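Enquirer: Curious how this folds, go ahead:
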Amino acid sequence: MTAETATGKRRDYMPGRTSLGTRVLVLVLVGEIVFGLTLGITVGVFAARAAAQQRLEYLGQISATVAASLMPMVADQQRGAIEAQIGSLMALAGPGGISGISVSDSSGRIVAQSHDGTIGVATASAGDFLGMLTGTQVIEEPVVVDGLEVGRVRIRFDAPDLRDILGMPILASLIVVLAVALVSVPWTAWLLLRNLIDPIAELRDGAIAIAQGRRDVRLYHGRRDELGRVAEAFDDMSCRLAEQEDRLRESSEAVRRSLELEESAGRELERVSKMKSDFVAVASHELRAPIAVIRLYASMLDHGEMGRLTKSAREAVGSIHGAANRLNSIVSDLMDAALLSRGLMPLSFEDLRLDEVTAGAVADGAAMAAPSGVRVELDGSDGAVCVRGDAVRVRQVLDNLISNAVKYSAGADLVTVRVSTTDDRAIVEVSDRGRGIDPESSDELFGLFGRLDAEDNRLTAGLGLGLAISARIADAHDGTVGYRVNPGGGSIFTLSLPLCRAEGAPGESLFSISEEAL
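Expert: Sure, this is the predicted structure:
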C-alpha cells in the first residue's frame, strides 16, 4: 500500500496495525505496574505502621503486667524477693521476648536487675515505627502504691522477627500488584484498543484509500466524540473530492473538445490562409502582364506613335495611364504581401549609404507631391550613414513612408525627412503636419489591409498594405518601423536600421531566393 508524498516520492504503508497500538499497550502496562507498586507500597507502609502500633501496645501491656507483679516487693523493699521474681519472669519470657529487667527505687537507685547488666533508658515510641520493627525496645513503668511512686521498672525487649511482623503487609502489597497487573492492565488495554487504537487505525486506512482514489470509503459510524467528528470530516472530504473530480472530468472533456475544435479550426484557417496567399500571388502575377500592356499602349498613344490625338482623347489616355500606374502599384503590394506571408521575399544585402538613398527618395517624393502643393524637404543629416541592407527594399520602405505623409497631410504643405544615428542604429524620421492618428487605432497601422476608418482614407487609393509590408521588410533587416505623435500636430514615422559593422557583414538574407523560383 503506497501513497504519494509532497516531494513526489511514493512511500510504502504497511498493512494492518502500526506501532501505535504496541506503544500504547506498553505505556499502559508500565503505568499500571507503577500504579500497582505505588499502591502496594502504600498499603505495606500503612500495614507496617499498624503493626508497629500494635507491638507498642502489646509491649505496654507486658510492661504493666511485670510492674504489677513486682509492686508489693518494691513497696516492701525486699531485694531478694525482687531478684527472685525477676529471675522467674526472665525464665518465663524465653528467646525473642524480654531480654532484661531492672528495678529502681524512688530516688533512681537500682535495687535489682537481671544478670545481663544495664537496661538503658526507655526507647519505645509510636512515631518511630521503623525502630519499633527493627531494633530493641526499652519500656519504663512506674510502681505506684496508694498514689505514691515508690519505684520504677525498666524492661528491655529483643528486636522482633520481621517475617512475623511484615509478612502480612508484604503479602497484601503483592496481592494488590498482581490484581492490578492481571485485571486492570488487560481491561484498560482492551478499552484503549477498542475505543482509540482501532478507530485511529480505521481512519488511517480510510485516508490511505482516499489518497489512492477511492471515493466509496465511509468512516463515520455514529460516534459523537472527537474521533467521530474526524471520521465525519473525512467522509465529507471524500464526497467533496468526488464532486470536484466529476467537475474536473467534465471540464477536461470540454477542454479536450475545445482543443480538437481549435486544432480543426487552425488547420482550416491555415488552409484558407494558404489558399488566399496562393490566390493573391497567382492573381498578382497574372495581372502584371495585362497591366504592362495597358501602360505600354497608353504611353504609345500619349506620345502620338499611333496618330495624333484630340485634346479630350489625350486626357482620356492620361487617365488610363494614371489608373494603370495605380493598379500596378496595388498589384506590386499584393505580390509583396503574398511573398512576405510565406517568407519568400528575395533580399540581397550590401553596404548602403542610407543618407544617399534617403536623399533620392526625398527628391522623387517632392516631384510626386508638387502637384498637390505639398513640399517634401530633407531636414539635415549626420553625414555619411552606412547600413547593411537591400537597396531596393529600403527605398521601397522610404517611398511608402513619404507617400503616406504626403497623402495624409490634410491641407498641410510640408513633409520633413531627417536622417540621424545613435550608437548602433540609423534612424530616418518622416514628419507631417496632418490630422494625425488616434492613439487607440495606432496598433492597426502595421497590420495587413490596416487602413483606418477615416474620411481621407476613403478618398485615397490603396489597400492598406504599405505600412505592413514596410514593417516586415524592416524586420527582415533586423530593424523596425515605428510611429509616434508629432508634438506640433500630425504624425512621425521612423525607420530604424542597424549600422554597418566595422568587420563587415555577410550578405544574404534568409529570404534571398529568386522571384523566378515562385
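Enquirer: does residue 375 have beta-bridge partners, and which?
Expert: residue 414 (DSSP bridges).
Enquirer: Can you report how many residues lie near it?
Expert: 15 (other Cβ atoms under 10 Å). C-beta: built from backbone N, CA, C; applies to glycine.
Enquirer: Hmm, residue 417 and it touching each other?
Expert: No. Using Cβ atoms under 8 Å, residue 375 is not in contact with residue 417, being 11.2 Å away.
Enquirer: quick one: the helix or strand harbouring residue 41 to chain centroid distance?
Expert: Per DSSP states H and E, residue 41 falls inside helix 19-76. How far helix 19-76 lies from its chain's middle: 66 Å, per Cα atoms, centre = their mean, to the nearest Å.
Enquirer: Equivalent analysis for stretch 372-389, please.
Expert: The answer for stretch 372-389 is 59 Å, by Cα atoms, centre = their mean.
Enquirer: same question, stretch 140-155
Expert: 95 Å.
Enquirer: what about that stretch, average pLDDT?
Expert: For stretch 140-155, mean pLDDT is 84.
Enquirer: same thing with stretch 42-59?
Expert: 78.
Enquirer: So which bits of it are buried?
Expert: Buried residues in stretch 42-59, counted by 16 or more other Cβ atoms under 10 Å: 43-44, 47-49, 51-52, 55-56, 59.
Enquirer: Same question for stretch 308-325.
Expert: In stretch 308-325, counting by 16+ other Cβ under 10 Å, buried: 317, 320-321, 324.
Enquirer: Distance to residue 427 added to the buried residues of stretch 42-59, as TSV?
Expert: Formatted as TSV, the buried residues of stretch 42-59 follow (distance: Cβ to Cβ, whole Å):
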residue	distance to residue 427
43	107
44	108
47	112
48	112
49	112
51	117
52	116
55	122
56	122
59	127
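Enquirer: hey, what's residue 495 bridged with?
Expert: Beta-bridge partners, per DSSP bridges, of residue 495: residue 428, residue 481.
Enquirer: Also the one 4 residues further on?
Expert: Taking DSSP bridges as the rule, residue 499 bridges to residue 387.
Enquirer: Hmm, residue 426 and it touching each other?
Expert: Yes. The pair residue 499 and residue 426 qualifies as a contact (Cβ under 8 Å) at a distance of 5.6 Å.
Enquirer: Mind checking which of the two has more residues around it?
Expert: Set side by side, residue 499 and residue 426 show more neighbours around residue 426, with 24 against 16, by other Cβ under 10 Å.
Enquirer: I'd like to know the phi and psi angles of residue 307, please.
Expert: phi 110, psi 160 (degrees, to the nearest 10).
Enquirer: How much space separates it from residue 314?
Expert: Separation of residue 307 from residue 314 (Cβ to Cβ, to the nearest Å): 12 Å.
Enquirer: repeat for residue 239
Expert: Counting by Cβ to Cβ - residue 239 and residue 314 are separated by 91 Å.
Enquirer: Low-confidence ranges, the stretch 401-518 of the chain, go.
Expert: 438-444, 446-464, 502-518 (pLDDT under 70).
Enquirer: So which residues of it form helices?
Expert: Per DSSP state H, counting those that start in this stretch, the stretch 401-518 of the chain carries helices over the ranges 455-458, 466-476.
Enquirer: Would you tell me which helix is longest in this structure?
Expert: helix 226-302 (DSSP state H).
Enquirer: low pLDDT regions in the stretch 151-300 of the chain?
Expert: Counting by pLDDT under 70, the stretch 151-300 of the chain contains low-confidence residues at 161-169, 180-181, 276-277, 279-285, 288.
Enquirer: Isn't residue 348 up against residue 394?
Expert: No. With contact defined as Cβ under 8 Å, residue 348 does not reach residue 394; the gap is 11.3 Å.
Enquirer: These two: which is more packed in?
Expert: Each of residue 348 and residue 394 has its neighbours counted (other Cβ under 10 Å); residue 394 has more, 25 against 15.
Enquirer: Run a quick neighbour tally on residue 235.
Expert: Residue 235 has 16 nearby residues by other Cβ under 10 Å.
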